[in-house]
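[1] Here's my sequence, what's the structure:
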Amino acid sequence: ASTALGLGLLAYIVFIVGQFKCLNVVAVLATGLGALGVVYLPWPFVRKEKHFECDLKNRDQLTSSAKAVEPPAQGRGRRALSLGSGIVRAFQVGVVTVTLIGTLISALAPPTAGDALCYHLEIPKRFVQLGEVSYLPLTDNSLFPFLMEMLYTLGLLLSSPVLAQLLHWLMGVLFALAVVELATPILGERAGGWTAVVALLVPGITNQMTAPLNDLAVALYSTLMMIAWARWNKTLQNRWLVLAGVFGGFGLSLKLVTAAMVAVLLVATVLQEWMRRGSAATWRAVATLAACLVLTGGVWYVRSWHYLGNPIYPYFNVLFGLEAQTHSTLVATRNLFTLPWLATMHPEIFGGRGVQLGAVFLAVLPGLAILPRRAPELAHMLVIALGYGLTWFALRQDLRFLLPVVPMLAIVSVAVIRALRDLHRPAFLIAGGCVAGLLLFQTLIVVKRARPCVAIALGRESREEYLRRHEPSYAVAEFVNTQLSPDCRVISQD
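    As a prediction, this is how the structure comes out:
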């Protein structure tokens, strides 16, 4: 949590320095050192706590339900089948290790992802060249929420596009740790670890870890917002609600799609507080959460409104008196019942195979019928995932926008497998073996993606040689850079 907070604050330091038109490493470093005290402001929320753990009393409260649904081992046979057995543990550690190393190798290669080269890195490069963070009139994307791109700007200030790419890989690592923290109070420590494995090995997650994009950062901050909100819901301590608002604001500073998750949590907050403590407490909680969201995430939308008159440009231009503008609206299906099958088996119509969710969630879908009836935390996860999913279904059906609900889907998937263990052991062995096979297959996807990058990651291949082999446009760029005069302009069409 503290690392994610620190990265968010660092991004805002880069943004502030850029507003004063003195964007350079020295200015960022000086401002960062000068604002060192601000970095420690969040520590009252997390000090004396490791990875978001509450004090002993609150931790007991948080894990009571998990203990209730996780039966103790009984005899050698039960221990052999438990998630903590030696073979199973070795498999767990093995697939995670291979995944982290494989994605790291891919992340060490020069960036070639399309969106990264179009604007995630291109616009920060322009900021570095100009020495300021400003509106670029010929590039509408320059007014998007750019929290992650501020970190990429810092990487480019240090003359390292690969460093910028590694920052998104780090977001993936933090995401896996956040999933553990979200799942452990619900399922227990062992199952919490498996939930992180299921979430980390989603092909869309591992693919995002290898490119300087921002969807994985959205998933991270959405998960941290969920963790803080769940702690507030259990303890009613306002510090957790404030922290949920801060992380939600960071999410809004990355992409507008976070507003769907924020809206779901706001509705959940109203319902919970209204039934529990009445209207006065409800409005106080909503006001606290909304104020933190606006303070930490509103500046990007004010910036867009200042320059163009629309805080959420390019959407709903007509409502703000601007000329209507077409934008991408991906609608692959209107059949909600066939959606899980189509999204799993035909991800190319939902944004591409690079953002697919894998087959695990579809495989365990029928098992929802055997989940424990008295598990309110699981019900909360299902309701929040369903609310977000319906919003996604109605607006834009791009699988990368579903990454924020991957932790909830992983929690439910592990809960189904464990419920099957208690219901029918032979069926559990078969289902567990199938899920393990799917996870192994998804690990092999990581290995296959990393193979072409091994040589450059180990220094056996130059950057130029790698780009000539993997980026078709590099030959053109190389010709322009070496053969044309600096005042030439290249006309292109996307």
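[2] what's near enough to touch Arg449?
    Gly102, Ser106, Thr206, Asn207, Thr210 (Cβ atoms under 8 Å, 6 or more residues apart in numbering). (C-beta placed from N, C-alpha, C; glycine too.)
[3] which one among those residues gets closest to Ala450?
    The closest of the contacts of Arg449 to Ala450 turns out to be Gly102 (Cβ to Cβ; 4.0 Å).
[4] re the thing from before, next, format the contacts of Arg449 as CSV and append pLDDT.
    Shown next, in CSV, are the contacts of Arg449 (pLDDT from 0 to 100):
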residue, pLDDT
Gly102, 96
Ser106, 94
Thr206, 95
Asn207, 94
Thr210, 94
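[5] Could you identify the most distant pair in those residues?
    Gly102 and Asn207 (11.2 Å).
[6] JSON lines please, covering the contacts of Arg449 and showing neighbour count.
    Formatted as JSON lines, the contacts of Arg449 follow (neighbours: other Cβ atoms under 10 Å):
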{"residue": "Gly102", "neighbour count": "24"}
{"residue": "Ser106", "neighbour count": "23"}
{"residue": "Thr206", "neighbour count": "26"}
{"residue": "Asn207", "neighbour count": "25"}
{"residue": "Thr210", "neighbour count": "27"}
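[7] So what's the residue count around Trp19?
    Actually, residue 19 is Gln rather than Trp. Neighbours of Gln19 under the rule other Cβ atoms under 10 Å: 14.
[8] what sits against it?
    Glu132, Val133.
[9] Relative to Leu10, how far out is it?
    15 Å (Cβ to Cβ, to the nearest Å).
[10] now swap in Ser142 and tell me
    Counting by Cβ to Cβ - Ser142 and Leu10 are separated by 20 Å.
[11] So for these two, which sits in the more crowded spot?
    Ser142 (22 against 18).
[12] Report the contact partners of that one.
    So, once contact is read as Cβ under 8 Å, 6+ apart, Ser142 ends up touching Tyr119, Ile123, Arg126, Ser134, Tyr135, Leu136.
[13] Quick check: nearest residue in space to it, chain neighbours excluded?
    Spatial nearest neighbour of Ser142, chain neighbours left out: Leu136 (4.1 Å); criterion: Cβ to Cβ, 6 or more residues apart in numbering.
[14] Enumerate the positions of the helix or strand where Val414 lies that are buried.
    Using DSSP states H and E, Val414 falls within helix 406-423. Buried residues in helix 406-423, counted by 16 or more other Cβ atoms under 10 Å: 406-421.
[15] ok now the next helix or strand after it, how far from the chain's centre?
    Reading on from helix 406-423 to the C-terminus, the next helix or strand found by DSSP H and E is helix 425-450. Relative to the centre of its chain, helix 425-450 is centred 23 Å away, using Cα atoms, centre = their mean, to the nearest Å.
[16] let's have the chain start at 38 instead
    Got it, the first residue is 38 from now on, which makes the last one we talked about helix 462-487.
[17] Mind giving me the packing neighbours of the next helix-or-strand element following helix 462-487?
    The helix or strand immediately downstream of helix 462-487 is helix 491-494, counting by DSSP H and E. The contact analysis (3 or more Cβ pairs under 8 Å, 6 or more residues apart in numbering; DSSP states H and E) places helix 491-494 against helix 123-144, helix 500-507.
[18] try 7 Å this time
    Using 3 or more Cβ pairs under 7 Å, 6 or more residues apart in numbering; DSSP states H and E, no helix or strand is in contact with helix 491-494.
[19] thought Ser169 was touching Asn61?
    Slight slip there: residue 169 is Glu, not Ser. No - counting by Cβ atoms under 7 Å, Glu169 sits too far from Asn61 to count as a contact (10.3 Å).
[20] who's in contact with Pro377?
    Leu399, Leu402 (Cβ atoms under 7 Å, 6 or more residues apart in numbering).
[21] what about it, which helix or strand?
    Following DSSP H and E, one finds Pro377 within helix 376-382.
[22] Which of the residues in that helix are classified as buried?
    Leu376, Ala380, Thr381.
[23] so the last one touches Ala396, yeah?
    Yes - Thr381 lies in contact with Ala396 (Cβ under 7 Å); the separation is 5.6 Å.
[24] In CSV, could you pull the C-alpha coordinates for the helix or strand encompassing Ala514?
    Per DSSP H and E: Ala514 is located in helix 511-520. Written as CSV, here are the backbone C-alpha positions of helix 511-520 (Å, rounded to 0.1, in the frame of the first residue of the first chain):
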residue,chain,number,x,y,z
TYR,A,511,11.5,1.0,-37.1
ALA,A,512,13.2,0.9,-40.5
VAL,A,513,11.1,4.0,-41.6
ALA,A,514,11.9,5.8,-38.4
GLU,A,515,15.6,5.0,-38.7
PHE,A,516,15.6,6.3,-42.3
VAL,A,517,13.9,9.5,-41.2
ASN,A,518,16.2,10.1,-38.3
THR,A,519,19.4,9.5,-40.3
GLN,A,520,18.6,10.7,-43.8
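[25] Please compute how far it lies from its chain's middle.
    35 Å.
[26] next structured bit after the helix holding Pro377?
    Assigned by DSSP H and E, the successor of helix 376-382 is helix 397-401.
[27] Check which helices and strands that following helix sits against.
    helix 376-382, helix 443-460, helix 462-487.
[28] any chance of the ones you listed in CSV, plus distance to Ala324 and mean pLDDT?
    Supplementary listing: the helices and strands packed on helix 397-401 in CSV, determined by distance: least, Cβ to Cβ, whole Å; pLDDT from 0 to 100:
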stretch, distance to Ala324, mean pLDDT
helix 376-382, 36, 89
helix 443-460, 26, 92
helix 462-487, 43, 92
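[29] Any idea which of those gets closest to Gly282?
    helix 443-460 (19.0 Å).
[30] Quick check: which helices or strands does the closest one pack against?
    helix 198-224, helix 226-237, helix 397-401, helix 413-432, helix 462-487.
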